[in-house]
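> Fold the following.
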Amino acid sequence: MIEKEKMLAGLLYDPCADISLANERLYAQDLCFQLNQLSPLEVDKRKQLFETLLGKTAQQFTIMSGFQCDYGYNIEIGENFFANFNCIMLDAARISFGDNVLVAPNCGFYTSGHPLESGIRNSGLEFAKPITIGNSVWIGGNVIVLPGVTIGDNSVIAAGSIVDRDIPNNVVALGSPCRVYKQLPN
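The predicted model follows:
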């Protein structure tokens with residue numbers, strides 16, 4: 001099994017051992033660089049570059065400057081997706097967003113992680129677990145979503161939260177670590 005297959009399967013892999021993975025990251029970094037250099041008035045060019053970079057886009061979406069990702073092709077965004085300034089998506093595994101998702105400034109979605117055991121970690125191995133964000137979710141400023149997390153439909157994640165476990169539908173969740181604060185009406 002090659003390193004990319006291990007990565008996509010959620011197994012430990014070495015991101016530097018496969019030149020094709022390194023080239024894919026460079027390609028995504030170059031597209032991100034181009035996107036972040038464009039004038040805000042170049043709406044059509046921005047949309048075209050995002051459609052090239054991301055795995056799946058909807059018709060209507062907005063991603064503000066300061067966007068960074070690892071590969072791009074593992075990111076899927078739904079209709080009416082909005083990500084404010086300085087969004088980081090470490091997409092060694094799939095990151096999927098439903099429709100009508102709002103992401104405030106300075107948020108990070110990190111599918112990548114490292115083993116806790118130092119000997120394995122020091123060998124350069126890492127893993128990636130998918131992140132899934134449901135429909136009509138609002139993610140407040142400075143939120144970090146960690147590997148393997150699912151956030152349910154209609155939920156709100158309060159600013160400054162670190163989401164390290166699944167969040168159900170129709171709740172407000174907050175804190176570090178993020179926990180359900182209250183239920184919302186359906």
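> List the contacts of residue 46.
35, 38, 63 (C-beta atoms under 8 Å, 6 or more residues apart in numbering). No exception for glycine: its C-beta is placed from N, CA and C like everyone else's.
> Setting aside sequence neighbours, what's the nearest residue to the last one?
Translated: residue 63. residue 83 (4.6 Å; C-beta to C-beta, 6 or more residues apart in numbering).
> What's the separation between the one you found and residue 3?
According to C-beta to C-beta, to the nearest Å, residue 83 stands 29 Å off from residue 3.
> Who has more neighbours out of those two?
A direct count of neighbours by other C-beta atoms under 10 Å for residue 83 and residue 3 places residue 83 higher, at 23 against 20.
> The more buried one reaches residue 62, doesn't it?
Yes: at 7.3 Å, residue 83 and residue 62 qualify as touching, with contact defined as C-beta atoms under 8 Å.
> list residues touching both of those two?
Shared contacts of residue 83 and residue 62, counting by C-beta under 8 Å, 6+ apart, come down to nothing at all.
> Identify each buried residue in stretch 33-42, please.
In terms of neighbour count (16 or more other C-beta atoms under 10 Å), stretch 33-42 has its buried residues at residue 35.
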